[in-house]
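Colleague: What follows is a predicted structure for the sequence shown.
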Amino acid sequence: MSESFVIIGDGIAGSSAAETLREEAPDADITVITDEGESLYNRILIKEFAKGKLPEAPISIHDESWYEEREIDLELNTLVVDVRTDDHEIETHEGDVYEYDKLLLSIGGTPQQLPVENSDADGVHHFWTFQDARAIRESADAADDAVIVGAGLLGIDFAAICGAQEIEGKYLMRGNRWWRYALSEEGADLMHEAMLERGVEPVFDSGVDRFETDDDGHVVAAVDPNGDRYECDFAGVAIGLNMNTEIVEDTDVETDDGILVDEYMRTSVDDVFAAGDITRFHDVILGERAQNGAWGSAKEQGTIAARNMLDPESEEFRWVSSYSITHFDFPFLSFGHPTLGDDEVMRKFGDEEWRRLALKDGRIVGGVLIGNLAPQSGYKKLMREGVDVSGQKELLMSEDFSIDDLEQEAAAE
């Protein structure tokens, strides 16, 4: 009798798992359940769509026929309301029950809402789904002034949207710079200048104390904790995700701001796995639990989870994630865990290039490159292999760094 696999979530993690299962288990019963109304699309390209740079057509990755051709049962617009791990079954909002031999949770998160007055007003947007992108694009087309909240990798997408739509924007940041946990003031200044060139002004030591609305409930202004008022008819909020762990809260699946999994994507419950943004996984490179929402990481986790669902402990998740920002005239890339570590090394080159490496116990655990991405392959290789570079900081920051230089130095010693 063939095994049955149920996957909750059709993002890149869930879809990659379904694809791997079908390739490696041709006779398996596979069901993918999602509460969205459309099958897998490219979450990276929806940024370009929201900016008005792309039509909808290129953004879909798998249409419904892709699942039909592979005999994968796809259930759209379906919300899972109960997971019963003891019975190996789940139940949907319509009362349908699906039994499984193995279950994969790729249920992601939901954007956090600011805990302030009128944070749910018309014109206040969060950016996560394709449907969000459609609403943002339509709202931005009609907007004149914008406020952006959330000084991180998601917030800067709103800044780029405002720039592309020629909306005057104020980017309200709680600290003294954008992404202050990963960038120095020198590095962040490159990003601030790029925002200003597109009509978005960074406002530091700020934030939102409340939104003001008109008689129709549409946002008209944001007031920061200092009492400063910023007019806006469009607001973008990107302050993080609330992980969708509520569907397993009555089970023995362990959670801690996400679902805890080992390096094989297994949860604390037999036959239940998790992949993607929802996971707090054991990072075999870092040597501790970690979490990240990069597209490539989620895709790989889905694949690894599927292989271990079929053949337990057959392949561990060992990955150096990357996140690129392509909104500006220069490249930007972060990799690994640039906000972690116990040491760092950084350097600015001229007016347009900056880089930083985060170190833990003398080993690279993450980094950020602005303006020149050429060293990334060497840095990632050193991180994957856990090489002790504590005595090579100067060499690591050489302008034309190559891993060959490091190997030659080590050989000379």
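Modeller: Okay, I see it.

Colleague: hey, let's count contacts and neighbours off CA atoms from now on
Modeller: Will do.

Colleague: the strands in the stretch 101-250 of the chain, which residues?
Modeller: For the stretch 101-250 of the chain, applying DSSP state E, counting those that start in this stretch gives strands covering 102-105, 109-111, 124-125, 145-149, 168-172, 200-203, 210-213, 219-223, 229-231, 234-237, 241-243.

Colleague: helix/strand/coil for A13?
Modeller: Local secondary structure at A13 is given as helix here, using DSSP: H, G, I helix; E, B strand; the rest coil.

Colleague: so L21 touches R307, yeah?
Modeller: Yes: counting by CA atoms under 8 Å, L21 touches R307, with 7.3 Å between them.

Colleague: Could you export the top helix by length along the chain as CSV, CA atoms only?
Modeller: In the chain, taking DSSP state H as the definition, the longest helix is helix 295-310. Taking Å, rounded to 0.1, in the frame of the first residue of the first chain, the C-alpha atoms of helix 295-310 are listed here in CSV:
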residue,chain,number,x,y,z
TRP,A,295,13.8,31.8,-0.7
GLY,A,296,16.7,29.5,-1.3
SER,A,297,16.8,28.3,2.2
ALA,A,298,13.0,27.5,2.2
LYS,A,299,13.3,25.7,-1.1
GLU,A,300,16.2,23.5,0.2
GLN,A,301,14.4,22.8,3.5
GLY,A,302,11.4,21.5,1.5
THR,A,303,13.6,19.2,-0.5
ILE,A,304,15.5,17.9,2.5
ALA,A,305,12.3,17.4,4.5
ALA,A,306,10.8,15.3,1.7
ARG,A,307,13.9,13.1,1.4
ASN,A,308,13.9,12.4,5.1
MET,A,309,10.2,11.7,5.1
LEU,A,310,11.0,9.0,2.6
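
Colleague: For the helix or strand just after that helix, give the mean pLDDT please.
Modeller: Stepping forward along the backbone from helix 295-310, the first helix or strand reached (DSSP states H and E) is strand 322-325. Average pLDDT, strand 322-325: 95.

Colleague: Out of the strands of the stretch 101-250 of the chain, flag the one nearest Q392.
Modeller: Ranking the strands of the stretch 101-250 of the chain by proximity to Q392 (CA to CA) places strand 200-203 first, at 35.7 Å.

Colleague: which other residues reach the closest one?
Modeller: Contacts with strand 200-203, where a contact means CA atoms under 8 Å, 6 or more residues apart in numbering, come from 159, 162-163, 168-173, 192, 195-196.

Colleague: Which residue comes closest to the spatially most central residue of the chain once chain neighbours are left out?
Modeller: Nearest to the mean C-alpha position of the chain, counting by CA atoms, centre = their mean, stands G293 at 2.9 Å. In space, not counting the residues next to it along the chain, G293 is nearest to D277; the distance is 4.7 Å by CA to CA, 6 or more residues apart in numbering.

Colleague: Does that neighbour touch G109 like I think?
Modeller: Yes: contact criterion CA under 8 Å: D277 and G109 qualify, at 6.9 Å.

Colleague: What is the neighbour count of L104?
Modeller: The local packing count at L104 equals 28, with neighbours defined by other CA atoms under 10 Å.

Colleague: any idea how far it is from D311?
Modeller: 14 Å (CA to CA, to the nearest Å).

Colleague: what's the answer for M383, then?
Modeller: Distance of M383 to D311, computed by CA to CA: 28 Å.

Colleague: Just want to know which of these two has more residues nearby.
Modeller: The residue with more neighbours, out of M383 and D311 and counting by other CA under 10 Å, is M383; that gives 24 against 10.

Colleague: pLDDT wise, what is the more buried one at?
Modeller: The confidence metric pLDDT takes the value 96 at M383.

Colleague: Among the contacts of strand 200-203, which one has the most neighbours?
Modeller: Neighbour max across the contacts of strand 200-203 (other CA under 10 Å) = C162, 32 neighbours.
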